[in-house]
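Chemist: compute the structure for the input listed below.
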Amino acid sequence: MKPWTTFQTKRIKTSLLALTLGLTLCLASAAFAADPAIVNISVGKSGNLVTMDATLADGFNDSILEAIESGVPMTFTYHIELRQMETLWLDKLIGSATIENTVQYDSLKKVYRFSSSGKNVKRKVITRDKTLYQKLMLTLESIPIASAYKLKPEDNYYVRVKADLETDRLWFPFNYLLFFVPFNDFKTAWSKSSPLKIMDSDSPEESFAKSPQPDVGDSKVMNHVIRSFNR
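Modeler: Residues are numbered from 1 along each chain as shown. Next up is the predicted model:
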């Protein structure tokens, strides 16, 4: 090989490497533009069950949204715990739940397929509305976490929640481009509710003292649903 040809080949390889690294750095920077956090934790009672609501703030960024639009399935996994406050020992775990909110874009039918699964939770929604699928992914609503019979009026309790992101399956070129982007390191810290105390009342609104009010949100959020059902 001629020296000039060898020099050109090295320049091309260097340029491609620089382009790849530049793209990787851009994706990684976008992935951590804002720190996600669990907010608006509220606790209530439905029948004999203690239930909770919460919202994941800053759960989406440009890299995640672009990956979803390209058909990459994304899952937000929520870890929920109901704990009894202790003064001398570690807080006692009363109940827990793990909820997986997953979305995947169907490019053929141009719809977003959302599912939510966990103990006593199973829901599927198909929609063309981006705002709706994002709200569904970021929202926990009426999630059962424990039997109300486990709570004692004289004790104090709290609910804490954290979330992480998982990419279910990746294929070329995402398995290469996203290899350097730490999506699997996308985790929130634990967020805690206000201290709770069970009250002797049959009214769900009066079952807990010092419980934050739930975020009602937009009552018309389901307008763009193609199909929605619970099991």
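
Chemist: all contacts plus neighbour counts: C-alpha atoms, from now on.
Modeler: Will do.

Chemist: mind pulling up the pLDDT for the closest residue to Gly71 other than its chain neighbours?
Modeler: Once flanking residues are discounted, Gly71 sits nearest to Tyr105: 4.9 Å by CA to CA, 6 or more residues apart in numbering. Note on Tyr105: pLDDT of 97.

Chemist: go on, Leu90?
Modeler: 87.

Chemist: then Thr87?
Modeler: pLDDT recorded at Thr87 is 74.

Chemist: for this structure, longest strand please?
Modeler: The longest strand of the chain (DSSP state E) is strand 92-106.

Chemist: so after that strand, what's the next helix or strand?
Modeler: With elements assigned by DSSP states H and E, the helix or strand that comes after strand 92-106 is strand 111-118.

Chemist: strand partners (parallel or antiparallel) of that following strand?
Modeler: strand 92-106 (antiparallel), strand 121-127 (antiparallel) (DSSP bridges).

Chemist: what are the buried residues along the next helix or strand after the last one?
Modeler: Right, strand 121-127. The first helix or strand that comes after strand 121-127 along the chain, using DSSP H and E, is helix 130-138. Neighbour counts over helix 130-138 (16 or more other CA atoms under 10 Å) mark Leu132, Tyr133, Gln134, Leu136, Met137, Leu138 as buried.

Chemist: what helices or strands is helix 130-138 leaning on?
Modeler: Here helix 130-138 touches strand 49-57, strand 92-106, strand 111-118, going by 3 or more CA pairs under 8 Å, 6 or more residues apart in numbering; DSSP states H and E.

Chemist: only C-alpha atoms, please: export that helix in CSV.
Modeler: Taking C-alpha atoms only, helix 130-138 is exported to CSV below (Å, rounded to 0.1, in the frame of the first residue of the first chain):
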residue,chain,number,x,y,z
LYS,A,130,-47.8,10.9,22.8
THR,A,131,-48.9,13.0,25.8
LEU,A,132,-51.2,10.2,27.1
TYR,A,133,-48.6,7.4,26.9
GLN,A,134,-46.0,9.7,28.7
LYS,A,135,-48.5,10.5,31.4
LEU,A,136,-49.4,6.8,31.9
MET,A,137,-45.7,5.9,32.1
LEU,A,138,-45.0,8.5,34.7
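
Chemist: hey, what's the angle from the helix or strand following it to strand 111-118? Just curious.
Modeler: Going down the chain from helix 130-138, the next helix or strand is strand 139-147, by DSSP H and E. Strand 139-147 runs at 20 degrees relative to strand 111-118, counting by axes from the mean of the first three to the mean of the last three CA atoms, to 10 degrees.
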